[in-house]
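S.K.: Any chance you could fold what I've pasted below:
(2 chains)
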Amino acid sequence: MAGPRRYSGSRFALALLILTSVTLISLDARGYAPIGNLKKAGIVIVQPFRSLANIVFSPVGDVWESFSNGDELERENTLLRRQLDQLLSYRIANEGAVNDLEALRTQLGLQGLGGQETLVAEVTAGSVSNFDPYVLEINKGTQSGVREGMPVISTGGLIGRIENPGLRDSRVRLITDPIVNIGVLAIGTKEIGILTGNGVDQPMRVIDGIPIGAPVEVGSILVTSGLDRSPYPEGFAVGSVVEVVPDEVNLEKELLVEPTGEMDNLDFVTVVLYQPPSME
Amino acid sequence: MGVAVIKNCLVILFLLLLQLELFSSMRLFGVMPELLLASAIAAGWYGGPTSGAIVGFSSGLFYDFYLATPLGLNALTYAIVGYLLGQIAVFLSDEAEWIIRITISVAAVTVGLVLFVTFGELIAEPNLYNRNFGKILVISSLYTGLLMVPVHFLMAWAFDARRESPVGFDRRLG
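M.R.: Numbering: from 1, shown residues only, chains lettered A, B, ... in the order given. Presented below is the predicted three-dimensional model:
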């Protein structure tokens, strides 16, 4: 007799757990605030252990990375040396222009990056899931003034925006995520389109908005348009066009775009402390 | 009972830290193992359906704290997988070879990943089913399978190796 009762007991326990899970999913999907707070509390509780584990495990991770990415690192090293040489010669050639720009900025009262305040944050982790490779974790949160939706940039341009900031850490949603849309403007033109992420190692795409006759070609730089209720300030470099596919039916161009911002092996990123008017 | 709970909490915490801090960077072809799913599977094996479901729910919930998917999605999946493994364990001999245990565990990881993505699709969660799904399924299952032996040992320790008469689970029913 004891057996069947235990069986039904296990079914009852499973039913209870399923019900609890479904309730949590439902509440979280609706943005119920206490669930968000529960998540943050859980992270805070585990954080000291995580910091300790990071110290212990990071050398192992580094060794693994050096073994698995050895060739890639060597190639990257060579590429970086070449870029450094180019930059040094570029710097010498443009030193005068930099001084002029600085003088103009001082005159106009701008602080750089369009006058927005910024905050440098350390990248503490990449994605911790197999199914969501489009996130980074950084070590700055609401305590440092970071808020939901703030743009995040690295060398070269925009790479993402803040999502779900905690007290001392935040998640960055990368622009390569297919759910991310950004209003962009092609430099030197008045053409505005919507840039959409297209997955890891895939070029992003601008499908609508660029007429077939527009002077947007391979090599054109796209920047944030900052129009209307855009969550990004205008003028941040987002990507450069690597391929133009004409759509003769809709008389538009489809653009394939490589991000200009560095996204691999990031140690630090910059959070632009900007909130669009509608979010303030 | 209290000791078993503490041991289980310690094992879940240890595996969570490994998952977040070590295996998130130790990827094979860009894919990481699913250690917390493995803990649910091993808990079902050593603790029976109820313990498998409870450990699965707890480990999934802790993992959910760190993911952008809604809280409870991993908890739901892992609880079901832990429960199923507990039920399957009824039909297996205690002397079942390790290779059989590992094979069943690898199959359970695959089932768990499919369930996770299916549930995610049902609630219209983006990014779960993508062009890499097949690769993730195969590599993650095999990678987790490689790590299954130490996870089995940890869970055997957590349940005091009471495989023959696990808590709340009478294998002599049949």
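S.K.: For stretch B:14-24, measure first residue to last.
M.R.: 14 Å (C-alpha to C-alpha, to the nearest Å).
S.K.: whoops, stretch A:218-229 was the one
M.R.: Start and end residues of stretch A:218-229 are separated by 28 Å (C-alpha to C-alpha).
S.K.: which SS class is residue A:119?
M.R.: Counting by DSSP: H, G, I helix; E, B strand; the rest coil, the backbone at residue A:119 sits in strand.
S.K.: who's in contact with it?
M.R.: Contact analysis of residue A:119 by C-beta atoms under 8 Å, 6 or more residues apart in numbering or on different chains lists A:140, A:144-146, A:270-271, A:273. Bear in mind the C-beta positions are built from the backbone N, C-alpha and C, glycine included.
S.K.: Just grab the bridge partners of it for me.
M.R.: residue A:271 (DSSP bridges).
S.K.: helices or strands next to the helix or strand containing residue B:48 in the packing?
M.R.: Per DSSP states H and E, residue B:48 falls inside helix B:35-64. Counting contacts by 3 or more C-beta pairs under 8 Å, 6 or more residues apart in numbering or on different chains; DSSP states H and E, helix B:35-64 packs against helix A:2-29, helix A:33-68, helix B:2-17, helix B:73-89, helix B:98-122, helix B:133-146, helix B:148-158.
S.K.: Just want the phi and psi numbers for residue A:122.
M.R.: Main-chain dihedrals, residue A:122, degrees, to the nearest 10: phi -90, psi 140.
S.K.: I'd like the distance between it and residue A:269.
M.R.: Distance from residue A:122 to residue A:269, counting by C-beta to C-beta, to the nearest Å: 8 Å.
S.K.: quick one on the thing from earlier: neighbour-wise, give me the winner out of the contacts of residue A:119.
M.R.: residue A:271 (27 neighbours; other C-beta atoms under 10 Å in any protein chain shown).
S.K.: could you measure that residue against chain B, distance?
M.R.: Relative to chain B, residue A:271 is positioned 18 Å away (C-beta to the nearest C-beta, to the nearest Å).
S.K.: Contact partners for that residue?
M.R.: A:118-121, A:138, A:140, A:146, A:150-152, A:162, A:170.
S.K.: Can you say which of those residues are buried?
M.R.: A:118-119, A:121, A:138, A:140, A:146, A:150-152, A:162, A:170 (16 or more other C-beta atoms under 10 Å in any protein chain shown).
S.K.: would you list the residues you listed in JSON lines and tack on distance to residue A:232?
M.R.: Output for the buried ones among the contacts of residue A:271, formatted as JSON lines (distance: C-beta to C-beta, whole Å):
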{"residue": "A:118", "distance to residue A:232": "14"}
{"residue": "A:119", "distance to residue A:232": "16"}
{"residue": "A:121", "distance to residue A:232": "18"}
{"residue": "A:138", "distance to residue A:232": "18"}
{"residue": "A:140", "distance to residue A:232": "19"}
{"residue": "A:146", "distance to residue A:232": "15"}
{"residue": "A:150", "distance to residue A:232": "9"}
{"residue": "A:151", "distance to residue A:232": "5"}
{"residue": "A:152", "distance to residue A:232": "10"}
{"residue": "A:162", "distance to residue A:232": "12"}
{"residue": "A:170", "distance to residue A:232": "17"}
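S.K.: So which of those belong to strands?
M.R.: A:118-119, A:121, A:138, A:151-152, A:162, A:170 (DSSP state E).
S.K.: and the gap between residue A:171 and chain B?
M.R.: 7 Å.
S.K.: Could you chop chain A up by domain?
M.R.: A:2-68, A:69-110, A:116-280 (automatic domain parsing).
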